[in-house]
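J.: next input, structure requested:
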Amino acid sequence: MALNTKTDQLSVKIFSPFEIFYEGPAASLSAKTATGPFDVLYGHANFIGLLQQGNIVIQTPFGQRNYDINRGVLKVHNNYVVVFANI
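T.: Okay, the predicted model is just below:
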């Protein structure tokens, strides 16, 4: 997915108590909750969710990035996505 302008991208931060995995722009973020897999795209509704063990996939301007987590908390608010992982 190509990003057309800076206004059609998410700002993403994924971190744990010990390190920052990723902080920067993204076209999408994919993860899994107890109800199943989901994607966050630009304009997604604001929400908070509990993430299950699995892979977080981020489509960035620099290519796809993958991060395995044990569990986590995800918050989406005004196209800013924060994941507090491995807690």
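
J.: with the flanking residues excluded, which residue is spatially nearest to the spatially most central residue of the chain?
T.: What sits nearest the mean C-alpha location of the chain, by CA atoms, centre = their mean, is L29, with 4.1 Å. Excluding the flanking residues, the one nearest L29 by CB to CB, 6 or more residues apart in numbering is V40, at 4.6 Å. Every C-beta, even on glycine, is put in place using the N, C-alpha and C of the backbone.

J.: next, that neighbour: secondary structure please.
T.: strand (DSSP: H, G, I helix; E, B strand; the rest coil).

J.: from memory it sits against S28, does it?
T.: Yes: using CB atoms under 8 Å, V40 is in contact with S28, at 6.5 Å.

J.: more crowded one of these two?
T.: Between V40 and S28, counted using other CB atoms under 10 Å, the more crowded position is V40 (22 against 19).

J.: residue contacts, the more buried one?
T.: Listed by CB atoms under 8 Å, 6 or more residues apart in numbering, the contact set of V40 reads 10, 28-31, 76, 81.
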